[in-house]
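In: Build me a model:
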Amino acid sequence: MGNKKMTFRGFNTPSLVLIPAAVGINYIGKYFATVLKLPLWLDSIGTVLASILAGPIVGALSGAINNIISGLTVDPVAFIYAITSIAIGLTTGILANKDYFSSFQKAFGAGIIVAVVAAIVSTPINIWFWNGQTGNIWGDALYAFLVAHQHPVWLASFLDEIVVDLPDKIITVIFSYIIFKSLPQKLTYLFSPNNKIETL
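Out: So this is what the prediction gives:
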């Protein structure tokens, strides 16, 4: 897989087409995680891929739209976490601009950064709406243990979130990185600002 220069920051017709595709990928990831009963979410693969290809704004829009659709159809709670999805898209796009997706090692580091950002943004939401819990069996078990041992709720809630976000976001980012590197250069060029096809 060649080393592709991270300059794909355009907002053009291909970028607009990418958004619904990214939302679909998010749904597929979440579906497989649910069916396989994984202790992960895997619902941000499309958001991350869109951010790598087309930049932070397209990625953030993909994440927000995904949560809005989920909130309207299957899970009203998803509305609240649109903020987290936006943060994931923006963070990934910024990291892509800083060349974090030029190698596997850098992509792994990006996964850690995205996980920490997602946990920081989600923790106040979890505390406000769910007394600090996430609904994930692994994370909530850790939360219960920490609270029972008199640790602050904010710390227990953050660790509840990060214990799931860390593997989830690393896997999500690495999988998105592999997809990106597997795409033909002619396709990735469509998202470049150098591509003059109906740039908005």
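In: Would you mind finding the longest helix in the chain?
Out: Secondary structure of the chain read by DSSP state H shows that its longest helix is helix 153-182.
In: Give the buried residues for that one.
Out: 153, 156-177, 179-181 (16 or more other CB atoms under 10 Å). No exception for glycine: its C-beta is placed from N, CA and C like everyone else's.
In: Give me the neighbour count for residue 34.
Out: Residues lying near residue 34 (other CB atoms under 10 Å) number 12.
In: quick one: secondary structure of it?
Out: Under DSSP: H, G, I helix; E, B strand; the rest coil, residue 34 falls in the helix class.
In: quick one, what contacts residue 142?
Out: By CB atoms under 8 Å, 6 or more residues apart in numbering, the contact list for residue 142 reads 156, 159-160, 163.
In: Could you give the backbone dihedrals for the residue nearest to the spatial centre of the chain?
Out: Geometric centre of the chain, nearest residue: residue 44, 3.8 Å, by CA atoms, centre = their mean. Reported as degrees, to the nearest 10, the phi and psi values for residue 44 are phi -130, psi 10.
In: That one and residue 85 touch, don't they?
Out: Yes - counting by CB atoms under 8 Å, residue 44 touches residue 85, with 6.7 Å between them.
In: shared neighbours of these two, which are they?
Out: Common neighbours of residue 44 and residue 85 (CB under 8 Å, 6+ apart) are residue 63.
In: and residue 111, what element?
Out: helix 104-130 (DSSP states H and E).
In: Which positions in the helix or strand following that helix come out as buried?
Out: Per DSSP H and E, the first helix or strand lying C-terminal to helix 104-130 is helix 137-148. By 16+ other CB under 10 Å, the buried positions in helix 137-148 come out as 139-140, 142-143, 146-147.
In: OK, contacts around residue 146?
Out: 155-156, 159.
In: For residue 109, state which of these is nearest.
Out: residue 159 (20.9 Å; CB to CB).
In: and the closest one, how far is that from residue 80?
Out: 20 Å (CB to CB, to the nearest Å).
In: again with residue 192
Out: On the measure of CB to CB, residue 192 and residue 80 end up 35 Å apart.
In: surely residue 114 meets residue 88?
Out: Yes - using CB under 8 Å, residue 114 makes contact with residue 88 at a distance of 5.9 Å.
In: joint contacts of these two?
Out: 48, 169.
In: what does stretch 83-92 rub up against?
Out: So stretch 83-92 is contacted by 44, 47-48, 50-52, 56-64, 66-67, 110, 113-114, 117-118, 121-122, 125, 169, 173 (CB under 8 Å, 6+ apart).
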